[in-house]
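K.L.:
Sequence and predicted structure, then a few things I'm wondering about:
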Amino acid sequence: MTLIKHNKISPNQWHYHTEGKALHADHNIVSLDYWQNNKAALTSNQSSLGLLVSGDELPENFVDDIELFSIIAIQIPSFTDGRGYSLAKMLRASYQYTDEIRAVGDVLPDQALYLARVGFDALELPTPTSAELALEKLTEFSVFYQPN
C-alpha cells in the first residue's frame, strides 16, 4: 500500500492489528471489536493508538473514546459505497475530530479529491502509480462553488 497524507506520498508508521497476533510496540490500528474487548489493556500502555471502523459504523459506538485515537481509519468496502464519506464528514463536523482520518480499502485515485473534501487527510492506495494519479486528482481544481 502507498500512503498519501497531506497531499504527498508519506511513509506509513501505522500497523494494522490482526486478531491473534501480538501488538507492535507503538502505532497500532485496532478494529472496533478489539478496542471494545481490550480497552483497559490498550489504554494502559500509553502508545499511539488508531481505530479501524467500517464506513457503515455508527459514530455513537466509539465517539465517547474519540480523544484516545491518533487516527481513525475508515474501511471503504467498495468504491461505490459512500457511507465512509458520510462518517468522515460527521467525525469532522459533528464531533470535531481533528486528528488523522484515513481512507482504506477500495479507494480509487479518481475519488481522492472528494475524499479530501469530506474530511479524509490520508488515503491508502494499492500501488505507487495509483498514488501518483491520486496526487494529480487532488490538485485538479483550485476553486469550489460549494462549501466543504
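P.N.:
Happy to help now that I have it. Numbering: from 1, shown residues only.
K.L.:
Determine how far the helix or strand Glu132 falls within lies from the middle of the whole chain.
P.N.:
Using DSSP states H and E, Glu132 maps to helix 128-138. Centre-to-centre, helix 128-138 and its host chain are 17 Å apart (CA atoms, centre = their mean, to the nearest Å).
K.L.:
CA-only coordinates of that helix, as PDB, when you get a sec.
P.N.:
These are the backbone C-alpha positions of helix 128-138, laid out as PDB (Å, rounded to 0.1, in the frame of the first residue of the first chain):
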ATOM      1  CA  PRO A 128       2.600   3.900  -6.300                       C
ATOM      2  CA  THR A 129       1.200   4.500  -9.700                       C
ATOM      3  CA  SER A 130      -2.400   4.900  -8.300                       C
ATOM      4  CA  ALA A 131      -1.000   7.200  -5.600                       C
ATOM      5  CA  GLU A 132       0.700   9.400  -8.200                       C
ATOM      6  CA  LEU A 133      -2.600   9.600 -10.100                       C
ATOM      7  CA  ALA A 134      -4.500  10.500  -6.900                       C
ATOM      8  CA  LEU A 135      -2.000  13.300  -6.200                       C
ATOM      9  CA  GLU A 136      -2.800  14.700  -9.600                       C
ATOM     10  CA  LYS A 137      -6.500  14.500  -8.900                       C
ATOM     11  CA  LEU A 138      -6.100  16.300  -5.600                       C
END
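K.L.:
I would like the residues contacting it, please.
P.N.:
With contact meaning CB atoms under 8 Å, 6 or more residues apart in numbering, helix 128-138 is reached by 2-4, 7-9, 108-113, 116, 123, 125. All C-beta atoms are positioned from the backbone trio N, CA, C, and that covers glycine.
K.L.:
When you filter the residues you listed down to buried only, what's left?
P.N.:
Buried subset of the contacts of helix 128-138 (neighbour count, 16 or more other CB atoms under 10 Å): 2-4, 108-109, 111-113, 116, 123, 125.
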